[in-house]
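> Task: produce atomic coordinates for the following.
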Amino acid sequence: MMEAQLGGFLVGDGFCTKKKRRKNYLVGFYQAKKKSQIIEVYMDLLVKEAGKQHPIIEMAPKDVVKVYVYSKSLYQTLKAIKDNPSEYFEKLSSKDKVKFIGGFIDAEGCVKCDRVILYNSDRALLFTMQNFIRFCEISSTLHYHHGCFELHIWSKSSREKLICLCRNFSVKLSRLSRRGACAPAFAGDCRSQ
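Sure thing, here's the model as predicted:
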């Protein structure tokens, strides 16, 4: 099974490609060059997951970095996850669900001091994640807007709970927690449940 934080990130910004002619299996992600901290964190997680391989790093158009490794087993794992990400999420332990959400926020999240929004075209995945964070006493709303679904976390208390819950597994949320946006521990910490 793939490490949950990496899985969440790759569901958002990752790819798995099979090149039939050469029988190569590529697994990796695209990320804006300016997001160097995110690239570094997830490149390290990808390398750990792939074993002793060194990642291939290429520049793509519009200042985007492409990072990938060759791995048939990782390809098969990520393809299965991407085929039904909500089912994969449901099977994770509570702690791994928190890690998955952290990775997903780094890929598909908009994190501001007054809101956190997760974007994806897969309504079932966002709905499943919404149910889990509701269990953690984090309120949210799910909307369809401009061709994709959006999971909004607006209230200050819910944002603080999400930050405290996932900050160790998300580069974006850890930045906010360093700025003092994290409340003290709360009773609804569902990582232990």
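
> which residues touch the longest strand anywhere in the chain?
Counting residues, the longest strand found in the chain (DSSP state E) is strand 24-32. The contact list for strand 24-32 (CB atoms under 8 Å, 6 or more residues apart in numbering) reads 9-10, 13-19, 38-39, 42, 46, 50, 55-56, 60, 63-72, 74-76, 78, 107. In short, each C-beta sits where N, CA and C put it, glycine included.

> what's the distance between the closest residue to Gly14 other than its chain neighbours and Val69?
Leaving aside its sequence neighbours, Gly14 sits nearest to Phe29 (CB to CB, 6 or more residues apart in numbering; 4.5 Å). Counting by CB to CB, to the nearest Å, the gap between Phe29 and Val69 amounts to 11 Å.

> overlap in contacts of those two?
Joint contacts of Phe29 and Val69 (CB under 8 Å, 6+ apart) are Leu46.

> and the contacts of strand 24-32, which are buried?
With neighbours counted using 16 or more other CB atoms under 10 Å, the contacts of strand 24-32 contain these buried positions: 9-10, 13-14, 16, 38-39, 42, 46, 50, 55, 65-71, 74-75, 78, 107.

> Please flag which of these sit within strands.
Judged by DSSP E, the subset of the buried ones among the contacts of strand 24-32 located in strands is Gly14, Cys16, Val65, Lys66, Val67, Tyr68, Val69, Tyr70.

> Can you list the strands that the strand or helix carrying Ile57 pairs with?
Taking DSSP states H and E as the criterion, Ile57 maps to strand 56-60. Applying DSSP bridges to the sheet, strand 56-60 is found paired with strand 64-70 (antiparallel).

> Tell me who's in contact with Ile105.
Taking CB under 8 Å, 6+ apart, we find Ile105 in contact with Gly8, Val111, Val116, Leu118, Cys166, Ser170, Lys172, Leu173.

> Output the contacting helices and strands for the least confident helix or strand in the chain by mean pLDDT.
Lowest on mean pLDDT, DSSP states H and E among the helices and strands of the chain sits helix 171-178, with a mean of 82. Contacts defined by 3 or more CB pairs under 8 Å, 6 or more residues apart in numbering; DSSP states H and E place helix 171-178 against helix 36-50, helix 94-108, strand 109-112, helix 156-166.
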